[in-house]
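what shape does this take:
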Amino acid sequence: MTSILTNASARSAAFALYQLEQPAVHPDSVARGIKYATEHRTALSNLAKSDPSVAMVMLNLCRQNKLEFSFDTLDFDHITGNIQTENILKTFIGLKTFDINNLHSQIPIAELNKNSAARAYGAKLIAQKTGRINENLSFLAGLFADIGLLALAELYPKSLSRLLEESQGETSALLRLEKDNLGLTHNIISRQLAQKWRLPQAVADSAWLYCVPAVSKLQNLANIEIILAVRLADTLIKNDSGALPFSLLSEQQADEIKGKVRDFLAELSELQSRREDTVYKDALVSLLEKTTQLDYADFVNSAWQAVKPACSTVEAAGIVCNLISKKFNTEKVSIYIDSKKEAVSVTGGTTEFFVSNNSLIVSLPNTRQVKLEDVGEIFIQAKADINIASIASVVSQILSAKLAEEYNLAIAQTLLEETAPIVQPQVIEQPVIEPAPKTEPKTVEAGPDMREIIAEIASGAAHELNNPLTVISGRAQLLKQNETDETKLLMLNQITEKTGQAYEIVGQLMSYARPGQPQIRTVSPFIMINNCLEKVNAHYMSEPLDITIDSNIESLNDIEVDAEQTADAIAQIIYNALESYESGNGPVIISGTELNSNYVQIRIQDQGCGMTEETLQRAAEPFYSDKPAGRQRGMGLALASSLLRNNNCTIALESEVEKGTIVTIRLPLAGKSQ
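Here you go, the predicted model:
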């Protein structure tokens, strides 16, 4: 059985890895970067091309300075030349570095970087030879292929050092040892970090699959040629004398590229042998050291990003309190929400929710309070001089938006309850998780009359809301064009983001009632399930998840569905399974079999709270949820059943309170779709 984050050590490792915003950098690269920033920008560009950590630093600097670039045509010479020297110096001085003399001394960081550079160079040469593969994406895919190894080296140096020694340089052996000892592998980590750091999908897919021997069989994969180019380049830099693993190149072309890569490695080794004097760093630290100022613009951006659509107003208040506590080093932060008579307080990292009124929040030394317009009040206790008015303005906007969202959803649900006819639902039997029920489950979905009523409501809402939302969004976009103040730009971005969320609510209704025409194609269930899990991991980016995939899914035959719609449907089901636990992170088990040479059957099983008979009967109704108000929109299973039905698939539910739920999906095998 293949397990993803199935034990405590794996969950701990995953949580730590998800917090990485930037990989650590070799100290020699930091010294060179500081020197080249002031003396030789071309050399700085070459450094970025030969060190994946430095490359990520430069890409992040471009984003921070709002310099536009395209990965398809990425030119490091151009982007390094357009960033101000002061910004580069400040960034490099603050970088976290590997402790190559002590903690990380047993891990060949320089060798890993050198191999990444050679792999990138080789992948680009291979792309050039074929004439049909994007050279820039191939280069980036080769460069970032092992960022998961660098992440493990940073966080678990002793464990990785031991595993590298035991594997004796064999990638397959290393992956197996990582799985057994850490519960996750560096190729999976590489893919997740590539997606978190907003690298191209081709880079993420290559990092995940280039070291998998069977990858050449996945010919329908969108980025397969880039993946194969990276794999071939990796074979060449390891000087494998055996047969080529696939036929992107002739043997003569491969030998030619191998020679060029060998020469490149020799030049790179010579460069790395020349240590830079760290006096550059020490001198610039003293020159550029300034008094640290609290970055309110950063807080604004972080706060809006941290508050997810699924959370309630009170939960959003808790998230914001935690963020304020961390960003501004406060002793205590409390928010009181007047309409709910609820409060949340964070003290020393501990979050407490309670029913209250503002008279219960006592005055403490160094405590200031500010009214949150149309929301309640915020109380902050801190020794530092904090601009509480600026913080309160942001908090008020976030919580007002949440309250408005809950109000709109409540109205929508009321409309549904008042207008929807009583439809006898198609319900499956009441089951238990183990043993599985003996009777035949029935397909779960709301009736066609319900869908038509929802479609009419959604159409009316779209007609009434789209025009004012378009005006609001359009005006915000116009204001952004000439705005230079960073804080105002962030606020304008928030306006466009929130109008987008309003569109999304109507869009979810429309997707349920009238989903788009499916683009049916042949796809591997294994690839589709893993892409689905990437959606889930992205949704829960800051949380470790306990999800297990049965190994037999990898051997299932291809199916014919719209891969995107079906993956979205399965993701909605997994969200529900995770939310059935108080912890919100599982465990969830995904297994698969083939039925009668016509269908692939996927089962998603949890052992969470389960469903009552009433909930089971209404599970496919939009906006129905037995969670507390504001926790979820209640569209998960409704959307899933609609999208699956649109792809000639069926969905059935089996559930028992306090024992869990099994969701069974049947998908047509390739050539069997009707």
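
Lys332 contacts Gln381, correct?
Yes. With contact defined as C-beta atoms under 8 Å, Lys332 counts as touching Gln381 (4.1 Å). Every C-beta, even on glycine, is put in place using the N, C-alpha and C of the backbone.

which residue packs closest to the residue sitting nearest the centre point of the chain, ignoring adjacent ones?
Taking C-alpha atoms, centre = their mean, the centroid of the chain lies closest to Ala538, which sits 2.4 Å from it. Among residues not flanking Ala538 along the chain, Gln195 sits closest, at 6.3 Å (C-beta to C-beta, 6 or more residues apart in numbering).

quick one, what contacts that neighbour?
Gln201, Ala204, Glu534, Ala538 (C-beta atoms under 8 Å, 6 or more residues apart in numbering).

now, of the residues you listed, which are buried?
Gln201, Ala204, Glu534 (16 or more other C-beta atoms under 10 Å).

if we can go back for a sec, tell me which residues are up against the helix or strand harbouring the residue nearest to the centre of the chain.
Ala538 is part of helix 525-539 when elements are defined by DSSP states H and E. Residues outside helix 525-539 that contact it (C-beta under 8 Å, 6+ apart) are 4, 191-192, 195-196, 204, 208, 218, 221, 308, 545, 547, 549, 553-554, 556, 558-559, 561, 563, 566-568, 570-571, 574-575, 578, 590, 592, 600, 602, 667.

quick one: buried residues of it?
525-537, 539.

swap in stretch 42-59?
Here stretch 42-59 shows 43-59 as buried, counting by 16+ other C-beta under 10 Å.

residues contacting it, please?
22-26, 29, 32-33, 36-37, 69, 76-77, 79-81, 83, 88, 91-92, 95, 113-114, 116-117, 120, 139-140, 143-144, 146-147, 150, 197, 268.

go with 6 Å
Here stretch 42-59 makes contact (C-beta atoms under 6 Å, 6 or more residues apart in numbering) with 23, 25, 29, 32, 36-37, 76-77, 80, 113, 116-117, 143-144, 147.

CA atoms of it as CSV?
Presented in CSV, the C-alpha positions along stretch 42-59 are these (Å, rounded to 0.1, in the frame of the first residue of the first chain):
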residue,chain,number,x,y,z
THR,A,42,26.1,38.5,-15.8
ALA,A,43,27.9,36.4,-13.2
LEU,A,44,24.9,36.8,-10.9
SER,A,45,22.7,35.4,-13.7
ASN,A,46,25.0,32.5,-14.2
LEU,A,47,24.9,31.8,-10.4
ALA,A,48,21.1,31.6,-10.6
LYS,A,49,21.4,29.2,-13.5
SER,A,50,23.7,26.9,-11.5
ASP,A,51,22.0,27.0,-8.0
PRO,A,52,18.3,26.3,-7.6
SER,A,53,18.1,28.1,-4.3
VAL,A,54,19.6,31.3,-5.8
ALA,A,55,17.3,30.9,-8.9
MET,A,56,14.3,30.9,-6.5
VAL,A,57,15.6,34.0,-4.7
MET,A,58,15.8,35.9,-8.0
LEU,A,59,12.3,34.8,-9.1
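
just how off-centre is that stretch within its chain?
Here stretch 42-59 is found 24 Å from its chain centre; the criterion is C-alpha atoms, centre = their mean, to the nearest Å.

in which helix or strand does Phe264 reside?
helix 251-272.

now do Ile665
Going by DSSP H and E, Ile665 is part of strand 660-668.

got the angle between that strand and helix 525-539?
130 degrees (axes from the mean of the first three to the mean of the last three C-alpha atoms, to 10 degrees).

alpha carbons of strand 660-668, as CSV, please.
Taking Å, rounded to 0.1, in the frame of the first residue of the first chain, the C-alpha atoms of strand 660-668 are listed here in CSV:
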residue,chain,number,x,y,z
GLY,A,660,-17.6,6.9,9.1
THR,A,661,-18.5,7.1,5.5
ILE,A,662,-17.6,5.3,2.2
VAL,A,663,-18.1,7.1,-1.1
THR,A,664,-18.0,4.8,-4.1
ILE,A,665,-17.5,6.2,-7.6
ARG,A,666,-17.8,4.3,-10.8
LEU,A,667,-15.9,5.7,-13.9
PRO,A,668,-16.1,4.2,-17.4
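
and for it, what's in contact with it?
Outside strand 660-668, the residues that reach it (C-beta under 6 Å, 6+ apart) are 433, 559-561, 573, 599-608, 610, 648-655.

state the mean pLDDT of it.
For strand 660-668, the mean pLDDT works out to 92.

distance from it to the middle of the chain?
What separates the centre of strand 660-668 from the centre of its chain is 25 Å, taken as C-alpha atoms, centre = their mean.

buried residues, it. List them.
Gly660, Thr661, Ile662, Val663, Thr664, Ile665, Arg666, Leu667, Pro668.
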